[in-house]
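K.L.:
Starting from these lines, generate the structure:
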Amino acid sequence: MNEPLKNSRHERFAWGIARGMTQEEAYREAGYSPKSSISARACASKLLTIANISQRIKEISPEIQKELKERFAERAIVAFRVLDDIAVDPEQPSAQRVSAAKHILGLAGHVPVEKSETDVNVEVSWSQIIKRVKQEKGKEA
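P.N.:
Numbering: from 1, shown residues only. The predicted model follows:
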């Protein structure tokens, strides 16, 4: 198919569903004016049973997913930088620095160690940790 549906409301509905809207939201966004939420959901459900609409949703979903991945990849980089800045900023409260560091480690796939699994108390600043990580990355290259 790969071309827009002839009925523009159907096309807008398909895009709404593919973007993750609820059936009711997509139905209203497509330009329909239902008398109630129940009516909107029922009519939207019927639209989903129309073969060319469901096929169109399947066609455009990968395009939407690619667009979202690109958009979120850019935002993820910015978010990581913000977390990194918070983690190493001595002006930030300790709780915020620790929380930022936990988020960074979580994003890196590290699982937190339970307190009961450790028996050593080590005092290290976050700037020392970041410096060491950068040194280790330099060795890998």
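
K.L.:
give the contact list for residue 40.
P.N.:
When contacts are counted by CB atoms under 8 Å, 6 or more residues apart in numbering, residue 40 touches 23-24, 27-28, 32, 34. For every residue, glycine as well, the C-beta is placed using N, CA and C.

K.L.:
What about those, which one has the most neighbours?
P.N.:
The member of these that has the most neighbours, counting by other CB atoms under 10 Å, is residue 27 with 29 neighbours.

K.L.:
which residues touch it?
P.N.:
Applying CB under 8 Å, 6+ apart, the residues near residue 27 are 13, 16, 34, 40-41, 43-44, 47.

K.L.:
May I see the domains of the protein written out as residue ranges?
P.N.:
8-67, 70-140 (automatic domain parsing).

K.L.:
With distance to residue 2 and mean pLDDT as extra columns, can I get those domains in JSON lines?
P.N.:
Below are the domains of the chain laid out as JSON lines (distance: least, CB to CB, whole Å; pLDDT from 0 to 100):
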{"stretch": "domain 8-67", "distance to residue 2": "6", "mean pLDDT": "94"}
{"stretch": "domain 70-140", "distance to residue 2": "21", "mean pLDDT": "76"}
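
K.L.:
Can you say which of those domains is packed in most?
P.N.:
Mean neighbour count (mean count of other CB atoms under 10 Å) peaks for domain 8-67 among these, with a mean of 16.

K.L.:
tell me, what residue is most central in the protein?
P.N.:
Nearest to the mean C-alpha position of the chain, counting by CA atoms, centre = their mean, stands residue 72 at 6.1 Å.

K.L.:
now that residue, what's its secondary structure?
P.N.:
helix (DSSP: H, G, I helix; E, B strand; the rest coil).

K.L.:
going forward can the numbers begin at 12, since that is how I track them
P.N.:
Sure, I'll start counting at 12 from here, so that last one is residue 83.

K.L.:
how near is it to residue 76?
P.N.:
Going from residue 83 to residue 76 by CB to CB, to the nearest Å gives 10 Å.
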